[in-house]
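# sequence and predicted model, in that order:
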Amino acid sequence: MEVNGTLIWFYNICKREVWLMARGIVPDQNDENVDLGKFMHEHSYKRNEKEITFGNVKFDILFKSKDKLVIGENKKSSKYNEASKWQLLYYLKVLKKAGVNAEGVLVYPNERKRVEIKMDEKSEMKLDKMVDDIEQLSILSKPPKVEKIPFCKKCAYREFCYA
């Protein structure tokens, strides 16, 4: 299993989701939150390049700028801001490792909000730890125990925890 931005995002929400995703268990595709995310992705930022694949990562938006490369992640809500920040930082780290210096921006179209994200040494070290933790989680024979958190109510994996 290769760590990607989605696993980094899940890691910052729920470790059980990481375990499920690492095994190829997909969330409920009929969940309204999954549908809303797909709709927003398709209908936001139409003038920019979207869904750029670079190695094993796929970021949402490439903003055109004369003097720097700026990548973006399009999110429906800042409620998951911390997880989204680490996902975008992971993308910046992957680009940096390939010799590409970039900056990032989280965009929340419904909130008309943008948050600039820049990589620093401390963030890189924390990402290394996250990657190690994700790799360890993925080899566990059983998923981590259910921990009820505020995000459970709208989780597309909730059937795996509370069925």
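It's in.

# what about the protein, any weak spots by pLDDT?
28-50, 163 (pLDDT under 70).

# show me where it has helices.
Applying DSSP state H to the chain gives helices spanning 5-11, 15-22, 32-43, 81-97, 121-138, 158-162.

# phi and psi next, for the most far-flung residue of the chain relative to its centre.
Largest separation from the mean C-alpha position in the chain: residue 66, at 26.6 Å (Cα atoms, centre = their mean). Per-residue torsions, residue 66: phi -70, psi -40 (degrees, to the nearest 10).

# switch the helices of the chain over to TSV; also include distance to residue 60.
Just so you know, the C-beta spots here come from the backbone N, C-alpha and C atoms, and that holds for glycine as well. As requested, those are exported to TSV (distance: least, Cβ to Cβ, whole Å):
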stretch	distance to residue 60
helix 5-11	10
helix 15-22	18
helix 32-43	7
helix 81-97	9
helix 121-138	19
helix 158-162	25
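
# buried stuff in stretch 92-101?
92-95 (16 or more other Cβ atoms under 10 Å).

# no no, stretch 125-142
Under 16+ other Cβ under 10 Å, the buried positions of stretch 125-142 are 127, 130-131, 134, 137-138.

# closest to residue 104 out of these?
Residue 104 lies nearest to residue 127 out of the buried residues of stretch 125-142, by Cβ to Cβ, at 12.9 Å.

# ok, the closest one - contacts?
Counting by Cβ atoms under 8 Å, 6 or more residues apart in numbering, residue 127 touches 8, 86, 89-90, 93.

# again, but for residue 73
Per Cβ under 8 Å, 6+ apart, neighbours of residue 73: 59-61, 84, 87-88, 91, 104-107.

# closest one of the residues you listed to residue 154?
Lowest distance from residue 154 to the contacts of residue 73 (Cβ to Cβ) belongs to residue 84, with 15.2 Å.

# from what I see, that closest one and residue 104 are in contact.
No: contact criterion Cβ atoms under 8 Å: residue 84 and residue 104 do not qualify, at 10.0 Å.

# surely residue 96 meets residue 118?
No: assessed by Cβ under 8 Å, residue 96 is found out of contact with residue 118, at 11.1 Å.

# can you get me a residue count around residue 119?
Neighbours of residue 119 under the rule other Cβ atoms under 10 Å: 20.

# brain fart, residue 72
Count around residue 72 with other Cβ under 10 Å applied: 24.

# which residues touch it?
45, 48, 59-63, 88, 104-107.
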